[in-house]
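1. I would like the atomic coordinates for the input below:
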Amino acid sequence: MVVPSSPSDATTLAHTHGTRLVRLAHLLQAPDPEGAAADALASVLLAARRGDAHDQLLAAARVVGSYGQPPVRDDGRLEGWLDRAETAPYDVDLTVLSAATSRHLELQRRRRRTTRRRVAAAALVAAGLVGVAVAWPQGDPPASGWQVETAVGRFPHWGFPDDQNDRSSAPPTLPPAASLPASQRQAHDVRLFEVVLDGRAHNILLTTLSGVPADMLAIACTTVDTGTPAICIVTLPTRTALRDAPPSSLTDVLELPRRHRVARESVPSVLRAPTVDGLFGRTLTLDVTSARAHSMLVTYTDGSQLLGTRYHPGDWKVALFAAINTDVLPAQVAYLARDGSPLAERSFYTATP
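-> The predicted structure is shown next:
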């Protein structure tokens, strides 16, 4: 079944799933529960998702879950919250919700059209950035005050973190991460909750935990129950060995995209305070893609755009992108090939009407 996207369909979907989604948003303490539910319903309509009513509900719940404080992205946990939401004591005005869904649907359509135009411009810019990065010497990066104006925004402080092997990607948007001794950069069967870390750790961000300098690391991992490969994000005090990492240091688990897919099914991960206290006033967007993606253009709900920093170490078959911005959510993501041509595009959130 293909979900159409007319105003009557917005009303139908709102009456079918709206009550549970609004109650779910309340339970997850989303800042604007009705807006989160309307945005989720509009995303399902815009994507014209195939599947039964449960598939539609779960797809919408993923969007609502990403609005949670903190976000909830695991499907199993979301289904548990949906069960609780079914009997939660929150009254929902479905007429207002269906109208809001129609507004969000139109906003998402408008934003998609705008992004398609911007992606065409970004493709040219990304191709130019590839040439600049390849030509840049492999030694010291440019001076920290150097800035470049491009069609997709402003990129100060060009430079590459230690572990960013692929230097043909767009300029990074993250401050440099601290270096760890080699003996602390390896994980061998380190279990943190439901995952096992095994491989080299790669620096993503220098931050703080409870005021103490800390490193955010990306490490290959597998889930304990199913053995599914993933990329784990671990945050722990600087110079703490991975073998001594407490379970609480597990910050996020990013599943890999399916074979032959550019992007994974889940929305990009958005980290913010208080999950990582060094992110007060900022958001860190993380996404794992096929290695075919050489650039990731993120458009945020405030209209700003950033090209993510690309990590593709030799021990990974995928690429990790990271983009740090002010405290705003990503609205759309476009994945670009090495030559700047678009590979895929996805919409997630919209600005509040």
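2. Would you mind listing where the stretch 101-250 of the chain has pLDDT under the threshold?
-> 111-184 (pLDDT under 70).
3. now the strands for it?
-> Using DSSP state E, counting those that start in this stretch, the strands assigned to the stretch 101-250 of the chain run over residues 147-150, 153-156, 186-192, 195-200, 202-209, 212-223, 229-237, 250-255.
4. Model confidence for residue 289, exactly?
-> Residue 289 is assigned 95 on the pLDDT scale.
5. okay, now it: neighbour count?
-> Look at residue 289: counted by other Cβ atoms under 10 Å, it has 26 neighbours. Every C-beta, even on glycine, is put in place using the N, C-alpha and C of the backbone.
6. Then residue 258?
-> Residue 258: 11 neighbours (other Cβ under 10 Å).
7. so how far is residue 318 from it?
-> 11 Å (Cβ to Cβ, to the nearest Å).
8. Likewise for residue 193?
-> Counting by Cβ to Cβ, the gap from residue 193 to residue 318 is 22 Å.
9. For the two, indicate the residue with more neighbours.
-> Taking other Cβ under 10 Å, residue 193 and residue 318 do not tie; residue 318 has more neighbours (21 against 12).
10. Show me what that one bridges to in the sheet.
-> Beta bridges link residue 318 to residue 290, judged by DSSP bridges.
11. Help me confirm that it comes into contact with residue 289.
-> Yes: at 6.5 Å, residue 318 counts as touching residue 289 under the criterion of Cβ atoms under 8 Å.
12. Which neighbours do these two have in common?
-> In terms of Cβ atoms under 8 Å, 6 or more residues apart in numbering, residue 318 and residue 289 are both contacted by the residues residue 257.
13. Pretty sure residue 299 sits in a helix.
-> No: counting by DSSP: H, G, I helix; E, B strand; the rest coil, residue 299 is not found in a helix; it is strand.
14. Please shift the residue numbers so they start at 439 in all later answers.
-> Shifting the count to begin at 439 puts that one at residue 737.
15. Distance check, it against residue 517.
-> Distance, residue 737 to residue 517, using Cβ to Cβ: 30 Å.
16. neighbour-wise, which of those two wins?
-> Neighbour comparison, residue 737 and residue 517: the larger count goes to residue 737, with 26 against 13 (by other Cβ under 10 Å).
17. Spatially, what comes nearest to that one if we skip its sequence neighbours?
-> residue 770 (4.4 Å; Cβ to Cβ, 6 or more residues apart in numbering).
18. After the helix or strand hosting that neighbour, heading C-terminal, what element do we hit next?
-> Here residue 770 sits within strand 768-774, counting by DSSP states H and E. Where DSSP H and E defines the elements, the next helix or strand beyond strand 768-774 is strand 780-785.
19. In CSV, could you pull the C-alpha coordinates for that following strand?
-> Provided in CSV are the C-alpha atoms of strand 780-785 (Å, rounded to 0.1, in the frame of the first residue of the first chain):
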residue,chain,number,x,y,z
PRO,A,780,23.7,13.6,-5.5
LEU,A,781,23.4,9.9,-4.4
ALA,A,782,20.4,10.2,-2.1
GLU,A,783,18.3,12.8,-0.2
ARG,A,784,16.2,12.5,2.9
SER,A,785,13.9,14.9,4.9
